[in-house]
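Asks: need a 3D model of the sequence below.
(chains A, B, C and D)
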Number of protein chains: 2
Amino acid sequence: MKNESILDKFEESLEDFIPSLSVDCVILGYQNSALHALVLRWKDTNNWSLPGGFVKKAEDLDHSAFRVLKDRTGLDISFLKQLHVFGNKNRRDIPALSTQLKEMNASPKIIQWFQQRFISVTYLALVNPESFIPIPDYLSEACEWLPIKDIPQLYFDHNEMIAKAKEYTATQIKYQPIGLMLLPEKFTMKMLQKLYEVILDKPLDRGNFQKKILKLDILTRHEKQMSGAAHKAPFLYSFNTPKYYEFLERGIGLLS
Amino acid sequence: MKNESILDKFEESLEDFIPSLSVDCVILGYQNSALHALVLRWKDTNNWSLPGGFVKKAEDLDHSAFRVLKDRTGLDISFLKQLHVFGNKNRRDIPALSTQLKEMNASPKIIQWFQQRFISVTYLALVNPESFIPIPDYLSEACEWLPIKDIPQLYFDHNEMIAKAKEYTATQIKYQPIGLMLLPEKFTMKMLQKLYEVILDKPLDRGNFQKKILKLDILTRHEKQMSGAAHKAPFLYSFNTPKYYEFLERGIGLLS
DNA sequence: ACAAAAGTGTTTATAATACACCCATGA
DNA sequence: TCATGGGTGTATTATAAACACTTTTGT
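Replies: As a prediction, the model looks like this:
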């Protein structure tokens, strides 16, 4: 489909959306011992943004986040958490965005839509990047996992959104188990510890970490991993999902 | 000013507001050993709601919460915390509200405005009711502190908002000091403990509570209270504001 | 003097921290 | 056999929980 027809279709559906309101999704993934975020690069530009979109008049707000994420990245994620609303009055009229829309031959109506002042509700999800293949939408040239530390300047206050998501995750991990969504099915204790260290941004004692996590009784231990490494083969673990969620409910006071 | 002219004025300013978006304020106060919330009773009805209003197109979202609260209750509060966004698609068209507006001779345009589907951003503040005298606005007959347990059915999902605020406060108190905003300038240890017990909804050990709170080093001890009670006169305390806020910043792991 | 409530102390249990020890493995 | 990393144990310290003892006050 050509840009024009996509944009025409969007123009036709403008009436279905609530004006001035948007949703943006911060999707955090853990890969190569670093937190990554899923970001989009807009077609024919070097401009990046979070996957975002608009809220339909006849749609639950939460649902709009699922839909937008699916449409823009192909990711089908059912646990998106409302994080924060960004509502400064100057959240509007990004010149680079208008320029780009003009280059795409967008109609004045569409350009005007994007020049609105937007109030944006941010949603957060934690996922294992290996379980998802992002597919950029028509507006985007690329949809990539970038290490949080290497993320360029994004549109609007999207960098702030990622910072908030990171901070929120670091706070949550202290009171609730984290990892089920971020790690592969089976993992070693070392991998889990590294995840915690990355999120908390500080080293943890190996022995104590192991004891604490095991005492939570949310892990299932499997056979030994026959790794080709020159050391004792570690056990593989997986989360005991029911117990994990049980703990999520109670979840108070994990690590300090 | 008569209803008509107020409504006329509102109708004129409708264009200044972002459609479909509202803010609602949960103001919690502590009084007579119970949490209270500030609620409005609409004129000539027995319908109650939280103080809420709309967001101006040229106004920061956070600022709209201050303004709305000031306009509707007279309360001038500078620390409102964004709590949650309520965005179900069926948040619209409360029959009782339309009926009431018709009885007030509101124009079709205004009635239509109130029949919109709204997405509402909830803000929270904790205050000492004795420091504020609520003044109902033109639309309201009363603006009262009601004990949370006695609050009737409110418009929309406002009861859910209060529940969320209460839950949030109970979680927060475990990791951050609470009380500076809720108690009078000077208070006894017993009063502070009772506040914690009410919010956490469980009894606390007197001796241990006193030790823990004092160890935080956020209180200043004053002279003895010369109460007319038949027992040892307790000390009066007040919060050491700088240290209190310092602790708010760090704030991890208070009570379990 | 006594009841009531305040302030403080003691004991015990639990959890956090630091770190040491031994084991398994592949080079 | 040795370096590396894995699993587990122990000693020390810090924190939490239960509750007992003493003090002050008005009646």
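Asks: can you show me the helices along the stretch 101-250 of chain A?
Replies: Taking DSSP state H, counting those that start in this stretch, the helices of the stretch 101-250 of chain A run over residues A:108-115, A:158-172, A:189-200, A:206-216, A:241-250.
Asks: now look at the longest one and say if it contacts chain B.
Replies: No. Judged by C-beta under 8 Å from any C-beta of the partner chain, helix A:158-172 and chain B are separated, with a smallest distance of 8.7 Å. To be clear about C-beta, it is placed using only N, CA and C from the backbone, and glycine gets the same treatment.
Asks: list the buried residues in that helix.
Replies: Burial within helix A:158-172, assessed by neighbour count using 16 or more other C-beta atoms under 10 Å in any protein chain shown, is assigned to A:158-159, A:161-162, A:164-166, A:168-170, A:172.
Asks: coming back round to it: weakest of the helices of the stretch 101-250 of chain A in terms of mean pLDDT?
Replies: Lowest mean pLDDT of the helices of the stretch 101-250 of chain A: helix A:241-250, a mean of 81.
Asks: is any part of that one close to chain B?
Replies: No. Legend: contact between helix A:241-250 and chain B by C-beta under 8 Å from any C-beta is lacking; minimum distance shown is 11.8 Å.
Asks: what's that helix in contact with?
Replies: Here helix A:241-250 makes contact (C-beta atoms under 8 Å, 6 or more residues apart in numbering or on different chains) with A:176-177, A:180, A:216-218.
Asks: same question for stretch A:221-239.
Replies: Stretch A:221-239 has contacts (C-beta under 8 Å, 6+ apart) with A:177, A:179-180, A:185-190, A:192, A:218-220.
Asks: what average pLDDT does it get?
Replies: On average, stretch A:221-239 scores 84.
Asks: where does it sit relative to the chain's centre, distance-wise?
Replies: 30 Å (C-alpha atoms, centre = their mean, to the nearest Å).
Asks: now check that stretch, is it near DNA strand D?
Replies: Yes. Using C-beta under 7 Å from any atom of the strand, we find that stretch A:221-239 touches DNA strand D at A:229-235.
Asks: list the buried residues for that stretch?
Replies: A:236-239.
Asks: what parts of the stretch 51-200 of chain A come near chain B?
Replies: A:55, A:57-62, A:82, A:84-89, A:117, A:119, A:121, A:174.
Asks: which ones among those residues lie within strands?
Replies: Of those, the ones assigned to strands by DSSP state E are A:55, A:82, A:84-86, A:119, A:121.
Asks: A:Gln116: what's its closest spatial neighbour, skipping adjacent residues?
Replies: A:Ser20 (5.5 Å; C-beta to C-beta, 6 or more residues apart in numbering or on different chains).
Asks: okay, and for the stretch 1-150 of chain A, where does confidence drop off?
Replies: A:1-4 (pLDDT under 70).
Asks: quick one: A:His231 from chain B, how far?
Replies: 36 Å (C-beta to the nearest C-beta, to the nearest Å).
Asks: give the bridge partners for the residue lying closest to A:Ala233 once chain neighbours are set aside, please.
Replies: Using C-beta to C-beta, 6+ apart and skipping residues adjacent in sequence, the residue nearest A:Ala233 is A:Lys224, 4.6 Å away. Assessed by DSSP bridges, A:Lys224 has beta-bridge partners A:Phe235.
Asks: circling back to that earlier point, in a strand, the residue nearest to A:Gln116, correct?
Replies: Yes. According to DSSP: H, G, I helix; E, B strand; the rest coil, A:Ser20 belongs to a strand.
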